[in-house]
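Engineer: Predicted coordinates and the sequence they were generated for:
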Amino acid sequence: MDPKLAIPACEEAVKQFPEDARLHFELGRAYQKANNFSDALLHYKKAGEQGLAVAENNLAVMYQNGWGVQQNFGIALTWFRKAADQNLALAEHSLGLMYQNGWGVQQDFGTASTWYRKAADQNLAASQYALGSLNLNGSGVKVDYDAALSWYRKAADQNLAPAQNDLGVMYQNGWGVQQNFGTALVWFRKAADQNFANAEFSLGQMYWNGWGVKKDFATALTWYRKAAVQNFAPAQYMLGEMYDNGWGVAKDPSIAFEWVRKAADQNFPAAQNDLAVMYARGSGVPENLQLAAAYYRKAAKQGVTLARMNLGRLYLSGVREPGDLDIIFGQFKKQIEGVGAQPKVGGKLTIEGRSVEQKVQVAIKIVSAASNAAYLESCGLRLDVERRAVEAVKDCVETDSLNRLITFFRNEKASLKGASGTCTAPETSKVVGELDEEIQTWGRMCRACGIICGR
């Protein structure tokens, strides 16, 4: 619709037939297209008050979004219900959204599902997709992969890109169907052909990992870039990682920094941690430990264990703020309580009588070790590694033997080299290198505090 042509034509028609609800509706559409929301609202209301369902629905949308009027979910619900009572699928779907999100009404997945089902039975793809997601995630119902697969397929067959992408995810993971990377690729490509960023990222992941295709970093880079320019944070992060490490492209720390920063600014936790590392190392940007600490805090608060470890190291170096210890210790508070509280008879190590600062240093080292080891577990390489890390550090502190800790990290490194988890080869090599560094630096860190004496 060209509003420059539609508005004068519709205005003339309304002048001739001022009581015609359909003409008022069409004039409202033309005004809305021209972003003249106040006049659009006026004509939708005139048509809606005559009971025209599509006008009632559009009027509800105006109140829902605050277009041309103060946002009011309650009034939006009233108009959506009027349209839904006339079996308008769009209004039924909108009521499902209102109940699913708790907009103007108490959140109720069951009622949301009821309204989605009414619209889905009229073959509305958006509602079929919504039902698929409710069943996949177990929102208000038990997780039902078969139902999710069925609804996603109905929506995907109507060329709805999100449904095509999520159908690909189900085949990729073998949820409710035999795992099939080839079929996953087909559905990802259908969605990516519509420039759907999630699917473009998914294709990048397939080529990155070599799932159903030959591993190809250059092709992965192409798909990541397509999604990244659409401001899709996971793709921006991966693009930054590729430039940072020279995977499929010439290594360029400055470009890497810019892409990781874009993802971090969208609150993507892994990117926040890596951006902090870049600031700490001066990689692609001048070194700035204060900014490094700030981004470590952001990532740590979102559960990134490596960020807690890195923030702990900055704390030990003197870069700190009130509240950092709460962030660093996190879930390890109980595990570090009482470590070295009783002096070992005949041993060299005694923590009783040492300063609070020195005790804090021991605690931070425990968190650091556990966090480093937890990364291995996140890649599916070892089970219960976090617990074993904490026990190893406790043992090291309580027996005054640094060798216990070094042995632990060497064992983890050996296990990592021979394991097959979800980490890709470049990531695995990176962690092996980090563990090598850990083995070399722990002795220096501990001795500097005068708490743990290695043998």
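Structural biologist: Everything's here; your move.

Engineer: dump the residue contacts of V105.
Structural biologist: 73, 77, 98-99 (CB atoms under 8 Å, 6 or more residues apart in numbering). C-beta coordinates here come from the backbone N, C-alpha and C atoms, glycine included.

Engineer: Can you report how many residues neighbour K4?
Structural biologist: Using other CB atoms under 10 Å, the number of residues around K4 comes to 10.

Engineer: cool, the one 5 residues further on as well?
Structural biologist: Around A9 sit 12 other residues, with neighbours defined as other CB under 10 Å.

Engineer: For S38, see how far away it is.
Structural biologist: The gap separating A9 from S38 is 20 Å, by CB to CB, to the nearest Å.

Engineer: Quick one: the helices in the stretch 101-250 of the chain, in order.
Structural biologist: Per DSSP state H, counting those that start in this stretch, the stretch 101-250 of the chain carries helices over the ranges 109-120, 125-137, 145-156, 161-173, 181-192, 197-209, 217-228, 233-245.

Engineer: If you drop the residues flanking it in sequence, what lies closest to W223?
Structural biologist: Nearest residue to W223, sequence neighbours excluded (CB to CB, 6 or more residues apart in numbering): G204, at 3.7 Å.

Engineer: one step back: got CSV for the contacts of V105, with pLDDT, secondary structure and distance to L149 too?
Structural biologist: What follows is these, written out as CSV (pLDDT from 0 to 100; DSSP: H, G, I helix; E, B strand; the rest coil; distance: CB to CB, whole Å):
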residue, pLDDT, secondary structure, distance to L149
F73, 96, helix, 33
L77, 97, helix, 32
M98, 97, helix, 26
Y99, 97, helix, 24
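
Engineer: ok, the residues you listed vs L59, which is closest?
Structural biologist: Of all the contacts of V105, L77 has the smallest distance to L59: 11.9 Å, by CB to CB.

Engineer: hang on, that closest one packs against M98?
Structural biologist: Yes - using CB atoms under 8 Å, L77 is in contact with M98, at 6.0 Å.

Engineer: Common neighbours of those two, please.
Structural biologist: With CB under 8 Å, 6+ apart as the test, L77 and M98 both reach 104-105.

Engineer: which of these two has more neighbours?
Structural biologist: Using other CB under 10 Å, the more surrounded residue of L77 and M98 is M98, with 24 against 21.

Engineer: Next up, the contacts around the more buried one.
Structural biologist: By CB under 8 Å, 6+ apart, M98 lies in contact with 64, 73, 76-77, 80, 104-105, 112.

Engineer: Next: V143.
Structural biologist: Shown in contact with V143 (CB under 8 Å, 6+ apart): 135-137.

Engineer: Quick check: the gap between it and Q194.
Structural biologist: Going from V143 to Q194 by CB to CB gives 28 Å.

Engineer: out of the contacts of V105, who's nearest L314?
Structural biologist: For the contacts of V105, the nearest to L314 is F73 (44.5 Å; CB to CB).

Engineer: wait, doesn't that closest one sit right on N65?
Structural biologist: No - F73 is beyond contact range of N65, at 10.3 Å (criterion: CB under 8 Å).

Engineer: the more surrounded of the two?
Structural biologist: Taking neighbours as other CB under 10 Å, F73 and N65 compare with F73 leading, 18 against 12.

Engineer: any idea of the mean pLDDT in stretch 102-117?
Structural biologist: Mean pLDDT, stretch 102-117: 96.

Engineer: Same check on stretch 241-251?
Structural biologist: Mean per-residue pLDDT for stretch 241-251: 93.

Engineer: Format the helices of the stretch 101-250 of the chain as JSON lines; extra columns: distance to P253 and mean neighbour count.
Structural biologist: Formatted as JSON lines, those follow (distance: least, CB to CB, whole Å; neighbours: other CB atoms under 10 Å):
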{"stretch": "helix 109-120", "distance to P253": "46", "mean neighbour count": "21"}
{"stretch": "helix 125-137", "distance to P253": "39", "mean neighbour count": "23"}
{"stretch": "helix 145-156", "distance to P253": "40", "mean neighbour count": "20"}
{"stretch": "helix 161-173", "distance to P253": "32", "mean neighbour count": "23"}
{"stretch": "helix 181-192", "distance to P253": "29", "mean neighbour count": "21"}
{"stretch": "helix 197-209", "distance to P253": "20", "mean neighbour count": "24"}
{"stretch": "helix 217-228", "distance to P253": "16", "mean neighbour count": "21"}
{"stretch": "helix 233-245", "distance to P253": "6", "mean neighbour count": "24"}
